[in-house]
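here is a sequence together with a model predicted from it:
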Amino acid sequence: MSATDIPAKKETRGFQAEVKQLLQLMIHSLYSNKEIFLRELVSNASDACDRLRFEAIAKPELLEGGAELEIRVSVDAAARTLTISDNGIGMSRDEAVAHLGTIAKSGTREFFASLTGDQKKDAQLIGQFGVGFYSAFIVADRVSVLSRRAGFGADAAVRWESDGSGEYSIEPATRAQRGTDVTLHLKPEEGDFVSDDRVRAILRKYSDHIATPIRMKDETVNQATALWARPKAEITDEQYREFYKHVAHDFTDPLAWTHNRVEGKQEYIQLLYLPSRAPFDLWDRNARHGLKLYVRRVFIMDDAGELLPRYLRFVRGVIDSGDLPLNVSREILQESRDVSAIREGATRRVLGLLEDLAGNRKDDYAKFWGEFGQVLKEGVGEDAANKEKIARLLRFASTANDSAGDAAGVSLADYAGRMKEGQKSIYYVTADSLEAARSSPHLEIFRKKGIEVLLLSDRVDEWMLSFLHEFDGKPLASVAKGELDLDELADAEEKKVRERVAEEYKDLVARVKAALGEKVAEVRVTLRLTDSPACVVVERDAMSQHLQRLLKGAGQKAPEMRPILELNPQHPLVARLKAESDEGIGEWAQLLLDQALLAEGGQVPDPAAFVKRMNRMLAQAGSASASP
């Protein structure tokens, strides 16, 4: 390619709107931690060198002009400039526009919607989103980029420049070698960054893990060996943390990590991290998630999702294989037995790290669960081989602590250890929210008897439960399905009462069923309620009403299922029904059914009719009480 293939004139363009917003946020929110700009720019230069190594596997000619890759950092005190140069892959004009003028990152919209205006909180959010190239404007009032794509001629370089105010210029340029120079024209108050000693200290603090040599005045500042290939005893926790920030493009510290060399049939090194915060694109199905893949220290690809199952997509880190071919493709990754073995080993290692966190660092595990618990639940259905391990890592809210602010901190093992003598099942209730689960009428008898119930309100829970039927031999049972069987916890007197009530209310049950007709599958009395007059349930093997609502809310078809109406014979409203005429009982029966549906978080078929019926019956009750 030559200079005639690109526009010959200088152009001025406007930044993407999100870039303008991000620039302002970074300049103000990250100012207290401004030295991170150097880490970000050096990290980008390292990535450029990695990508050249990879492309040169198929096209060795790209290394013409110098096969030794390096990053150079130089300061000019007189000109007040700081320059980061590399001889990596470089950029074409179109790539410069795409990478420096726009944010092509999934989760962008959600990121900006979540900003609060609080600089401290927004700084944390920006850290999750990643700062990258634009961090240069924290310390610079003008940034110049000169870049030439590997394989292009010297006259096909491009010069990009901006003061960060909303526009940038781009024009043809000449660069003798491939690669990129990023020159920062420092703000008047940023004189520290033209000090060789200060810059060298920052590089050693943040970038010692970079495998590409970083040089200042021909001195190599970093160790320039792949951090994951070093013995663990030689790596400090601070170096592990800084490498995470490089590999994950995150500036918050990781929660935990595991570093291992595997030898045997397959030889590979794994350095895997648990982030402390969820990325903005965690739920974006179009976003690629995965690990960085290297083969014998040569970078192969980002986001190699084949190296871990999808339910562990939050894990960041590196796998370096000694067995895979350098020309490995995503198609080969999907079919390779070596990759399957690496995937299984990495999965075991991550689950082991989570087990250690759950057992020995409970506060950190609670933090992990709050960020990634819903994703880990997907593993119950996706990973049959590790389902039991994953089940032990699950955490739930529970009636053991009815505080509204109670976090999901109860494990299935915790529950099993607290089960009452004679209790056979692990009980749970599902609902659209934690508050709705806590107020479910199905919990009334359980609270009375002091039996713990797990409160499930995540959208993934119903799907998860279709794969998780028991734990340590104890069946999981929904309190809203089937006839409630607590005989193992009932005394002889309670059993007698149940038999007597069933007989006493046989006629009322038949009348209510006749009044409601096909609106219900069955009507029966129950002792599961203590405060509410009625509730609705489904058969034990049927789809729950909560799942039906989720499917309908997602625009999917759900089977039409008639609920079972259960009446509380101890409630005054139900007692009153026995004295109602056949004409009046229909109004009351419909009211009780509608109330029961609403209490479950459902919707009544005809809201207007429900309101009219309620008003009419309230008026009748008022008239009756006013009569002498």
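Structure's in. What do you need? Residues are numbered from 1 along each chain as shown.

only C-alpha atoms for contact and neighbour calcs from this point on.
Noted.

contacts for stretch 464-483?
Around stretch 464-483, the neighbours that count as contacts under CA atoms under 8 Å, 6 or more residues apart in numbering are 377-378, 380-381, 388, 391, 412, 424-430, 442-443, 536-542, 544.

of those, which belong to helices?
Judged by DSSP state H, the contacts of stretch 464-483 include 377, 380, 381, 388, 391, 412 as members of helices.

tell me where the stretch 301-450 of the chain has helices.
Counting by DSSP state H, counting those that start in this stretch, one finds helices in the stretch 301-450 of the chain at the ranges 330-335, 337-360, 362-377, 379-382, 387-393, 412-418, 434-438, 444-449.

quickly, which of these bottoms out on average pLDDT?
Of all the helices of the stretch 301-450 of the chain, the segment with the smallest mean pLDDT is helix 330-335, scoring a mean of 81.

buried residues in it?
In terms of neighbour count (16 or more other CA atoms under 10 Å), helix 330-335 has its buried residues at residue 333.

convert the C-alpha atoms of that helix to PDB, please.
Presented in PDB, the C-alpha positions along helix 330-335 are these (Å, rounded to 0.1, in the frame of the first residue of the first chain):
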ATOM      1  CA  ARG A 330     -11.100 -21.200  16.800                       C
ATOM      2  CA  GLU A 331     -12.400 -24.100  14.800                       C
ATOM      3  CA  ILE A 332      -9.400 -26.200  15.900                       C
ATOM      4  CA  LEU A 333     -10.000 -25.100  19.500                       C
ATOM      5  CA  GLN A 334     -13.500 -26.500  19.400                       C
ATOM      6  CA  GLU A 335     -12.400 -29.900  18.200                       C
END
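
re earlier: among the ones in helices among the contacts of stretch 464-483, which pair sits farthest apart?
381 and 412 (16.8 Å; CA to CA).

which one's more surrounded, these two?
Ranked by neighbour count (other CA atoms under 10 Å), residue 381 and residue 412 place residue 412 first, with 20 against 16.

ok, now how distant is the more buried one from residue 350?
With distances defined as CA to CA, to the nearest Å, the gap from residue 412 to residue 350 amounts to 20 Å.

do residue 528 as well
Taking CA to CA as the measure, residue 528 falls 42 Å from residue 350.

could you do residue 608 as well?
As for residue 608, its distance to residue 350 is 53 Å (criterion: CA to CA).

show me what secondary structure element comes after the worst-scoring helix or strand of the chain on mean pLDDT.
The least trusted helix or strand in the chain, going by mean pLDDT, DSSP states H and E, turns out to be helix 119-129, with a mean of 56. Following helix 119-129 in sequence order, the next helix or strand is strand 140-148 (DSSP states H and E).

what does that next one contact?
If you take CA under 8 Å, 6+ apart as the criterion, strand 140-148 is touched by 90-92, 136-137, 154, 156-164, 173-175, 177-187.

again, only this time at 7 Å
Residues outside strand 140-148 that contact it (CA atoms under 7 Å, 6 or more residues apart in numbering): 90-92, 156-164, 175, 178-187.

cool, stretch 61-80 as well?
45, 49, 56, 81-88, 150-151, 185-186, 194, 196, 212-216.

please redo it, this time with the cut-off set to 8 Å
With CA under 8 Å, 6+ apart as the test, stretch 61-80 has contacts from 42, 45-46, 49, 52, 55-56, 81-88, 150-151, 177, 185-186, 191, 193-196, 212-217.

distance of residue 585 from residue 612?
Counting by CA to CA, the gap from residue 585 to residue 612 is 16 Å.

and these two? which has more neighbours close in?
Of the pair residue 585 and residue 612, residue 585 is the one with more neighbours under other CA under 10 Å, namely 21 against 11.
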